[in-house]
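Peer 1: Sequence unavailable; structure follows:
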């Protein structure tokens, strides 16, 4: 089905950049979420274990900043991972007001299969892309994320 060009007020948001990104993300999630569940990981939890394997002893605030999430959301995910025996929480010797997170051996065990599945899905998503196109695509996505963070910051300061 070919999409007609829609103007603002005529359903533009169905064919704009955010919808293209959303649809690609939804297709990716449809492939990754069931695999995460097979590993015992609920929605959002794979990113936490991946972050912790790369950033040993991270704080919830660090994770929230990296993912652009509310710290309370990270806290709920971490609590569930602790209950599942995948993450431990310990005192932070550098700042007693915060806690540090670390993976247990069980938590470490899910990272390699998760990473392998992510690589497989990335390959499927990028079939037909050259190495240069893949690098540009990653650059475009990072630049877009940065631009939106700047825009969000300017809107927040406008409201203040």
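Peer 2: All right, it came through fine. The model shown is predicted, which means the values in this text are computed figures rather than measured ones.

Peer 1: any low-confidence regions in this structure?
Peer 2: Counting by pLDDT under 70, the chain shows low-confidence ranges at 1-3, 12, 160.

Peer 1: per the record, what domains does it have?
Peer 2: Per the record's domain assignment (automatic domain parsing), the chain is made up of the domains 12-125, 126-160.

Peer 1: Would you pull up how far the first one lies from the middle of the chain?
Peer 2: Right, the one you point to is domain 12-125. Average the C-alpha atoms of domain 12-125, do the same for its chain, and the two points are 6 Å apart (Cα atoms, centre = their mean, to the nearest Å).

Peer 1: what's the spacing between residue 85 and residue 134?
Peer 2: Counting by Cβ to Cβ, to the nearest Å, the separation of residue 85 from residue 134 is 36 Å. The C-beta positions use only the backbone N, C-alpha and C, and glycine is treated the same way.

Peer 1: Also residue 111?
Peer 2: Looking at residue 111 against residue 134, where the rule is Cβ to Cβ, the gap reads 23 Å.

Peer 1: between these two, which one's more packed in?
Peer 2: Between residue 111 and residue 134, counted using other Cβ atoms under 10 Å, residue 111 has the larger neighbour count: 18 against 13.

Peer 1: Which strand or helix spans that one?
Peer 2: Taking DSSP states H and E as the definition, residue 111 sits inside helix 105-125.

Peer 1: quick one: contacts of that helix?
Peer 2: 24, 27-28, 31-32, 35-36, 39-41, 46, 49-50, 52-53, 81, 84-87, 103 (Cβ atoms under 8 Å, 6 or more residues apart in numbering).

Peer 1: Good, we can wrap up now.
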